[in-house]
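In: Prediction below, plus the sequence it came from.
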Amino acid sequence: MTDFQSEFRQRAAEAQRALAEARDTGDDYLVEVRLGEIESLARLGAEHQIQLDDLEASLIAHGWPTPPPGIRVPVELRAPDANC
């Protein structure tokens, strides 16, 4: 496992814990914020072929769509290189 994958998995676990805490405290707004974070992580994972079923399960449980595996951001949509 690469450092990126290891750190990514750690970040995903932290996001899941934060979501559970938001749910436990009944903070609906914070739940939505945490789900947005999880959705972003799921997209990044899909882009790098790192599948985390826990992220997808959280999204599905709250009615959020999950990104398809192996998605790629088209070159024309990527941020321009800062050296341009």
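Out: On my side now, so go ahead. Residues are numbered from 1 along each chain as shown.
In: Neighbours of residue 19, how many?
Out: 21 (other CB atoms under 10 Å). C-beta here means a position set from N, CA and C on the backbone, and glycine is covered the same way.
In: Now it: closest residue in space, sequence neighbours ignored.
Out: In space, and not counting its chain neighbours, residue 19 is closest to residue 34: 4.1 Å by CB to CB, 6 or more residues apart in numbering.
In: show me what contacts the one you found?
Out: Remark: with contacts taken as CB atoms under 8 Å, 6 or more residues apart in numbering, residue 34 is in contact with 15, 18-19, 22.
In: Check residue 39 and give its pLDDT.
Out: Listed pLDDT for residue 39 reads 91.
In: what does residue 31 give?
Out: Confidence at residue 31, expressed as pLDDT, is 94.
In: How many neighbouring residues does it have?
Out: By the criterion of other CB under 10 Å, residue 31 has 18 neighbours.
In: Can you name the helix or strand that it falls in?
Out: helix 28-47 (DSSP states H and E).
In: Go through that helix and flag the buried ones.
Out: The neighbour-count check on helix 28-47 (16 or more other CB atoms under 10 Å) flags 31, 34-35, 37-39, 41-46 as buried.
In: which one among those residues gets closest to residue 63?
Out: Within the buried residues of helix 28-47, proximity to residue 63 (CB to CB) peaks at residue 35, which comes in at 9.4 Å.
In: Relative to residue 4, how far out is the residue nearest to residue 19?
Out: Counting by CB to CB, to the nearest Å, the gap from residue 34 to residue 4 is 22 Å.
In: and what of residue 35?
Out: For residue 35 relative to residue 4 (CB to CB), the value is 23 Å.
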